[in-house]
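Chemist: Build me a model:
(2 chains)
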Protein chains: 2
Amino acid sequence: MVNPIFKQVTLIGFGLIGSSLARALREHKLCERIICGDTSESVCAKVLELGLADSATTDLAESVKGSDCVILAVPVGACAAVAQGIGPHLQAGCILSDVGSVKQSVIAALTPHTPAGVHLVPGHPIAGTEHSGPEAGFATLFEGRWCILTPPPGTDAGAIEKMKTLWEACGSKIEIMDAKRHDLVLAITSHLPHLLAYTIVGTAADLEEHTKDDVIKFSAGGFRDFTRIAASNPVMWRDVFLHNREAVLEIAQRFTEDLTGLQRSIRWGDGDALQTMFTRTRAIRRQIIDAKQAG
Amino acid sequence: MVNPIFKQVTLIGFGLIGSSLARALREHKLCERIICGDTSESVCAKVLELGLADSATTDLAESVKGSDCVILAVPVGACAAVAQGIGPHLQAGCILSDVGSVKQSVIAALTPHTPAGVHLVPGHPIAGTEHSGPEAGFATLFEGRWCILTPPPGTDAGAIEKMKTLWEACGSKIEIMDAKRHDLVLAITSHLPHLLAYTIVGTAADLEEHTKDDVIKFSAGGFRDFTRIAASNPVMWRDVFLHNREAVLEIAQRFTEDLTGLQRSIRWGDGDALQTMFTRTRAIRRQIIDAKQAG
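Modeler: Okay, the predicted model is just below:
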C-alpha cells in the first residue's frame, strides 16, 4: 500500500477506462479526492450514483481547479479541445496525463495548451474490454497489464515518478517509451488487429441473410473472437485510426501484401509455402508464452 | 447415458481431435472396443501408453477389420489415400465418417473408396485448441460445441442417427447441413479468421528485430489472440486452405475489398464512414450473444 500520491485527481471522461481508474484510485487510496469532469450530464449523474467521484461536473474548466493531477480519458480526437478548455485553469505543479491509445498526436494536441509549470506525462494503459461506459469499469482492469508512459524529452523526473507510482499501485507494469515507437508497436499489436476484426465482421454483415444467420450460429471457430474485438467503442477506435494514420496505413499495407501472397499460394496450390509460413508463425506464439504474455 | 452404440470403433489419426474423441468414447461408454490406426509408430506407442485405445497399429487396413464404425481424424488432404487403403477392408454395414474442416472435398475423396453397403456420414466437430498431438486431447473438448454432419443425399437414415447419437453423447449440438453450404459458412467463421491470424503474425515476424521484441512484449492489445490462432496445426490448416480453395478465395477477396475501403477512409480522414462501420459491427456481436454463442 502506498500513501496518497495526490491530493485531488480530476478524471475527464468516465467511460470504461476513466471509471476503472476512478475505482482503482479509490480502492488503493491513491488520492484524497476524485473529481469527475464529463460533458455528459447523464454520465455525471451515473458517476455520483455509483459513488465513483466526490463531485462531478459538466464544466471541464471547473473540474480541474485545485487538482494536482488531471488525467484525460476521452477519445484521442477530443484531447485538443479538452486541453484548450482546461489549460488556463490548471494549477502550477499539476501533472497533466491521459490514457489514449495513440501518443504522438496526443502530445501534439496537449503541448500548446500545457502552461509553463504544468508537467505533461502522457500514458497508455494497455487494457480494455469490448464494453463501454461508466458502469462497464472495474478496479482490477489494469492488474498485470502494461502501462506505457511517453513523457517528452525534458519532462520533470519527479512527475514521471509519480505517474509510475500511481499505475504500479493499480497493478500495472510500467514501460517508458518514445511516443513514435509506441505508435508503431501499437499499430501492430492493437490497431491493425482491431481493423481486421472490424473488417471481417463487416464482410460477414454484408452476406445474404440466411448465410449470415448460419455465420452467427456457427461463430465458434474463430469468428466469434473477432466479433468481440469489433464490438469495441466506435468513437474511440475511429479516433485511433485517424490519429495514428501513418503507422496504421504502413502496417496495413505490409499486411495486405502478405495476405495477397498467401491467397496466391492457395490459388496455385503451393502447399509447401503455406506449411512453411504456418510453422513459422508458431514460433512467435512460443516467444510470447516464453515472455509470459500468454499461458 | 446411452448404451454402447458400436461394438468396435476405429479412429484413424490420433491428434488433438482423434485422441479427444477416443477419450470421450471411453468416458461415455459409447463402444466396446477402440482401435487406433495411425501411420506413426511413436503415436501408436503413445496411444497405448496413455490407454486411449484397446489396440494400436500402423497398418491402417488391419485397423478397420471388424469395426462397425471408422472415423478418420487426419488432415483433409490425407483422406483420399487413407480411404483407398482401408476401403477394401471395411465390413458391410460399417459407418465411415471423418472430422475434417472441409466437407465437399472429403466427400469427393471418400466416395470412390466407399464400398456398397458401407455408409458414408461425414462430420465436422467445430472444436479445437492451438495444441496438437495425442497428449493434447481431452474428453470434454466437444461439450457444448456444434458438430455438423453432411451426409450425401440418399444416406441411410439409421447410420445418420447413430452418428448423431454418438456426437450428442459427447456433449455436442448437431446440425445436418449440405456440404457446399458448410464449406461456405466455415470459410467465413473459421478459415478466413485463421488466414488473417497467420498473415498478421507473419507480418510481425518480418519486422526488424527490436520492433518485433516490443511486439511480443506488448502483445496484449489484440495481437496475442491472433498468435494463439496462428499456432494451430500447420499441416491441418495447409490442407483446409487447399481443399476449400474456392470458398476461401471468394471470401478473402470480399474481405480485401472491404479492408481497402477502410484504409481509404483512414487515409482521407473520413471519420463518419469509420464510425458508421464500427457501429454496425457491434450489432453482429449483439446477435451472437442473443444466439447464446458468447456471453
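
Chemist: which SS class is residue A:190?
Modeler: Three states are possible here, and by DSSP: H, G, I helix; E, B strand; the rest coil the one that applies to residue A:190 is helix.

Chemist: Quick one: neighbours of it, just the number.
Modeler: When neighbours are defined as other Cβ atoms under 10 Å in any protein chain shown, residue A:190 has 24 of them. C-beta here means a position set from N, CA and C on the backbone, and glycine is covered the same way.

Chemist: Next: the one 3 residues further on.
Modeler: Other residues lying near residue A:193 total 23 when counted by other Cβ under 10 Å.

Chemist: Count the residues that sit near residue A:42.
Modeler: Burial measure for residue A:42: 10 neighbouring residues, criterion other Cβ under 10 Å.

Chemist: and it, how far is that from residue A:14?
Modeler: Distance of residue A:42 to residue A:14, given as Cβ to Cβ, to the nearest Å: 11 Å.

Chemist: quick one, domains of chain A?
Modeler: With domains defined by automatic domain parsing, chain A comprises A:6-177, A:181-290.

Chemist: Among those, show the one with the smallest mean pLDDT.
Modeler: Sorting the domains of chain A by mean pLDDT places domain A:181-290 lowest, at a mean of 93.

Chemist: Off-centre distance for that one?
Modeler: Domain A:181-290 has its average C-alpha position 19 Å from the chain's average C-alpha position, going by Cα atoms, centre = their mean, to the nearest Å.

Chemist: Likewise for stretch A:86-93?
Modeler: On the basis of Cα atoms, centre = their mean, the separation between the geometric centre of stretch A:86-93 and that of its chain is 24 Å.

Chemist: now swap in stretch A:94-104 and tell me
Modeler: Its chain's average C-alpha position is 10 Å from that of stretch A:94-104, according to Cα atoms, centre = their mean.

Chemist: and chain B, which of the domains of chain A is closest to it?
Modeler: Among the domains of chain A, the nearest to chain B by Cβ to the nearest Cβ is domain A:181-290 (3.1 Å).

Chemist: Do a quick rundown of the helices in chain A.
Modeler: If you assign secondary structure with DSSP state H, the helices in chain A sit at A:16-27, A:41-50, A:60-63, A:79-86, A:104-110, A:157-169, A:179-186, A:192-205, A:209-217, A:223-229, A:234-243, A:245-267, A:271-290.

Chemist: Could I get these in TSV, plus columns for distance to residue A:71?
Modeler: As requested, those are exported to TSV (distance: least, Cβ to Cβ, whole Å):
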stretch	distance to residue A:71
helix A:16-27	7
helix A:41-50	15
helix A:60-63	11
helix A:79-86	11
helix A:104-110	12
helix A:157-169	9
helix A:179-186	17
helix A:192-205	23
helix A:209-217	39
helix A:223-229	25
helix A:234-243	16
helix A:245-267	24
helix A:271-290	30
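
Chemist: which one of those lies closest to residue B:197?
Modeler: Of all the helices of chain A, it is helix A:271-290 that lies closest to residue B:197, at 7.9 Å by Cβ to Cβ.

Chemist: quick one: buried residues of that closest one?
Modeler: Neighbour-count burial for helix A:271-290 flags A:271, A:273-275, A:277-278, A:280-282, A:284-285, A:287-289 (criterion: 16 or more other Cβ atoms under 10 Å in any protein chain shown).

Chemist: need the contact list for the residue nearest to residue A:229 when sequence neighbours are not counted.
Modeler: Leaving out its chain neighbours, the residue that sits closest to residue A:229 by Cβ to Cβ, 6 or more residues apart in numbering or on different chains is residue A:197, at 3.8 Å. With contact set as Cβ atoms under 8 Å, 6 or more residues apart in numbering or on different chains, residue A:197 has these partners: A:226-227, A:229-230, B:222, B:281.

Chemist: Could you identify which of the residues you listed has the most neighbours?
Modeler: Taking other Cβ under 10 Å as the neighbour criterion, residue A:226 ranks highest of the contacts of residue A:197 with 31 neighbours.

Chemist: Hmm, it is touching residue B:193, no?
Modeler: Yes: the pair residue A:226 and residue B:193 passes the contact test of Cβ atoms under 8 Å, sitting 5.9 Å apart.

Chemist: so what sits against both of these two?
Modeler: Contact criterion Cβ under 8 Å, 6+ apart; residues bridging residue A:226 and residue B:193 by contacting each: residue A:200.

Chemist: How about residue A:53: what's its closest non-neighbour residue?
Modeler: Taking Cβ to Cβ, 6+ apart as the measure, residue A:53 lies nearest to residue A:36, with 3.8 Å between them; neighbours along the chain are not counted.

Chemist: Next, the contact list for residue A:225, please.
Modeler: Contacts of residue A:225 by Cβ under 8 Å, 6+ apart are B:193, B:225, B:229.

Chemist: hmm, try it at 10 Å
Modeler: Under the criterion of Cβ atoms under 10 Å, 6 or more residues apart in numbering or on different chains, the neighbours of residue A:225 are A:197, A:219, B:193, B:197, B:222, B:225-226, B:228-229, B:294.

Chemist: Next, count neighbours for residue A:250.
Modeler: A total of 14 residues lie near residue A:250 under the criterion other Cβ under 10 Å.

Chemist: Find residues that contact each of residue A:42 and residue A:14.
Modeler: A:133-134.

Chemist: near chain B, which residues of the stretch 1-150 of chain A show up?
Modeler: Counting by Cβ under 10 Å from any Cβ of the partner chain, the residues of the stretch 1-150 of chain A close to chain B are A:77, A:101, A:124, A:126-128, A:130, A:132, A:144-146, A:148.

Chemist: Narrow those to just the buried residues.
Modeler: Among these, those scoring as buried are A:77, A:101, A:124, A:126-128, A:132, A:145-146, A:148 (criterion: 16+ other Cβ under 10 Å).

Chemist: Going by distance to residue A:7, which of these wins?
Modeler: When those are compared for distance to residue A:7, the smallest value, 24.8 Å, is given by residue A:124; criterion: Cβ to Cβ.

Chemist: Report the contact partners of the closest one.
Modeler: In this structure, residue A:124 makes contact with A:17, A:98-103, A:106, A:146-150, A:175, A:177, A:179, A:182-183, A:186, A:190, B:218, B:221, judged by Cβ under 10 Å, 6+ apart.

Chemist: Distance of it relative to residue B:206?
Modeler: Looking at residue A:124 against residue B:206, where the rule is Cβ to Cβ, the gap reads 25 Å.

Chemist: same question, residue A:152
Modeler: For residue A:152, the distance to residue B:206 under the criterion Cβ to Cβ works out to 31 Å.

Chemist: Give me the more crowded residue out of the two.
Modeler: Between residue A:152 and residue B:206, counted using other Cβ under 10 Å, the more crowded position is residue A:152 (15 against 10).

Chemist: count of neighbours near the closest residue in space to that one that isn't next to it in sequence?
Modeler: The spatially closest residue to residue A:152, leaving aside those adjacent along the chain, is residue A:107, at 6.0 Å (Cβ to Cβ, 6+ apart). Summarising burial for residue A:107: neighbours were counted as other Cβ under 10 Å, giving 20.

Chemist: How much space separates residue A:107 from residue A:85?
Modeler: 18 Å.

Chemist: what do you get for residue A:138?
Modeler: 29 Å.

Chemist: of those two, who's got more company?
Modeler: Comparing residue A:138 with residue A:85 by neighbour count (other Cβ under 10 Å), the higher total belongs to residue A:85, at 18 against 15.
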